[in-house]
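**Q** fold the following, please.
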Amino acid sequence: MTTHLGAEGKAIALHVSGACSGVFEIPCLCKVPELSTGLLPAIVFQNDVILVSRFVVSLFLCINFLLITTFFMKEFFYTTMRYILFANTLLSDCLILIVTNFLLIFDYFHLTMQIWLCLIFYILSSVYTFVTPVTLTAMTLERYVAICMPLQHSELCSTHRSLHCILIIHSLSYVPCIVILSVFFASASLSFYKQYKVCSVEMFIFHSWQRHLRSAISLFYFLIMFIAIVFSYVKIMKVAKAASGENKKSTVLKCLSQYLQNLMLLHYYFTISEDSFLQSGALQTTNTIFGLRDEKFFNALKNFALCGLHKNLKP
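**A** Next up, the predicted model:
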């Protein structure tokens, strides 16, 4: 959200003296010439976008708070792999929203920071950008085991194995970040880490081929997750055709619709949108839909949101 002004209305920003000893540099706005009327609509539009994005972030965080609180309300949720992985996506999405929000504000007000601090923001955003789609793939595989391998489900998807699964998810999500930062550490000088700049992902790209490498890694992850979801989808389709009984067919059809939703999300996440805020919005929508479609979770959520009143209203 960088404001570009013309020659007549360019703001003069001076760094506070002695700021080199700190982490941030705060721009000091001096006397600004009057802006031409043609620039005012663009500035007002950018201010409106900032306000709307702040409102959307606050709304998403409130929804996630409700979902996370509901998760911890019942022992069944935090002892079942499916819901544990769901909570992992919620926490990941919250972190992405907070980091993205901070970076957007810093960029809008031209707040600079030392490179080493920006590096921390980059690691968090890079890792947890992959955590959620990888977790969604793990949730898909869990449903595959539950339907196609019901006898092994309790053993393969226990609470203890859920923690191992989350550790594996985070390990896989660190790989792209480690690859990109390895090139960065080999190319950057020590003095570069002490410089003050507006934090952005592009400052860690020194060579054009690094962008191609980053895109290739994202595409590789997308293909692996796509193959895993399609494989599970095909296997469950076979179970659906052979299923007998309305309850079993209904369960299978819900899983199939969830798979299609995950496929569309992965396609949007990796191939259409490169904006982290839009990606967070897509993930938030998926999390909300999951919480509302799951009958047990929805009932617990409704009970929490209405402070237990809906139980008393039932005949």
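**Q** and the nearest residue to Leu301 once chain neighbours are set aside, which helix or strand is it part of?
**A** The shortest distance from Leu301 to any non-neighbouring residue, by C-beta to C-beta, 6 or more residues apart in numbering, is to Thr70 (4.6 Å). C-beta: built from backbone N, CA, C; applies to glycine. Using DSSP states H and E, Thr70 falls within helix 40-71.
**Q** same deal with Asn303?
**A** Per DSSP H and E: helix 295-305 holds Asn303.
**Q** that helix packs against which elements?
**A** helix 40-71, helix 276-293, helix 309-313 (3 or more C-beta pairs under 8 Å, 6 or more residues apart in numbering; DSSP states H and E).
**Q** distance check, Leu91 against His164.
**A** 17 Å (C-beta to C-beta, to the nearest Å).
**Q** those two: who's more crowded?
**A** Leu91 (16 against 10; other C-beta atoms under 10 Å).
**Q** that one sits in which helix or strand?
**A** Leu91 belongs to helix 81-108, assigned by DSSP H and E.
**Q** packing partners of the next helix or strand after that helix?
**A** Next along the chain after helix 81-108, taking DSSP H and E as the criterion, comes strand 112-114. In terms of contacts (3+ C-beta pairs under 8 Å, 6+ apart), strand 112-114 is packed against strand 24-25, strand 196-197.
**Q** least confident of those strands, on average?
**A** In terms of average pLDDT, strand 24-25 trails the rest of these, at a mean of 46.
**Q** still on that earlier bit, if you average pLDDT over each of the helices and strands packed on helix 295-305, which is lowest?
**A** Taking mean pLDDT as the measure, helix 309-313 is lowest among the helices and strands packed on helix 295-305, coming in at a mean of 47.
**Q** quick one: the helices in the stretch 101-250 of the chain?
**A** 115-148, 150-156, 159-187, 208-242, 246-267 (DSSP state H, counting those that start in this stretch).
**Q** just say which of those helices is most tucked in.
**A** helix 115-148 (a mean of 20; mean count of other C-beta atoms under 10 Å).
**Q** would you check how far apart Leu119 and Thr159 are?
**A** 35 Å.
**Q** thought the residue nearest to Leu301 was touching Ala300?
**A** Yes: counting by C-beta atoms under 8 Å, Ala300 is a contact partner of Thr70 at 5.1 Å.
**Q** of those two, who's got more company?
**A** Thr70 (23 against 19).
**Q** give me the distance between that one and Phe60.
**A** 16 Å.
**Q** what do you get for Tyr83?
**A** Distance from Tyr83 to Phe60, by C-beta to C-beta: 20 Å.
**Q** likewise Phe226?
**A** Taken as C-beta to C-beta, the span from Phe226 to Phe60 is 26 Å.
**Q** check Lys74 too.
**A** Taking C-beta to C-beta, one finds Lys74 at 23 Å from Phe60.
**Q** those two: who's more crowded?
**A** Taking other C-beta under 10 Å, Lys74 and Phe60 do not tie; Phe60 has more neighbours (22 against 17).
**Q** the more buried one touches Leu97, doesn't it?
**A** Yes: look at Phe60 against Leu97 with C-beta under 8 Å: they come within range, at 5.7 Å.
**Q** need the mean per-residue confidence for stretch 176-192.
**A** In the prediction, stretch 176-192 has an average pLDDT of 88.
**Q** if you could redo that for stretch 158-173, that was the one I meant.
**A** 93.
**Q** what does that stretch rub up against?
**A** 79-81, 84-85, 88, 127-131, 134-135, 138 (C-beta atoms under 8 Å, 6 or more residues apart in numbering).
**Q** let's go with 6 Å and repeat that
**A** Thr79, Met81, Ile84, Asn88, Val127, Phe130, Val131, Val134, Thr135, Ala138 (C-beta atoms under 6 Å, 6 or more residues apart in numbering).
**Q** show me what contacts Gln127?
**A** For the record, residue 127 is Val, not Gln. Ser173, Tyr174, Cys177.
**Q** and the residue nearest to the first one when sequence neighbours are not counted, what's its pLDDT?
**A** Read it as Ser173. Computed as C-beta to C-beta, 6+ apart, the closest residue to Ser173 that is not its neighbour in sequence is Phe130, at 3.9 Å. On pLDDT, Phe130 comes in at 89.
**Q** equivalent analysis for Pro33, please.
**A** pLDDT, read off for Pro33, is 43.
**Q** which one of the helices of the stretch 101-250 of the chain lies nearest to Leu66?
**A** With respect to Leu66, and counting by C-beta to C-beta, the nearest of the helices of the stretch 101-250 of the chain is helix 115-148 at 18.2 Å.
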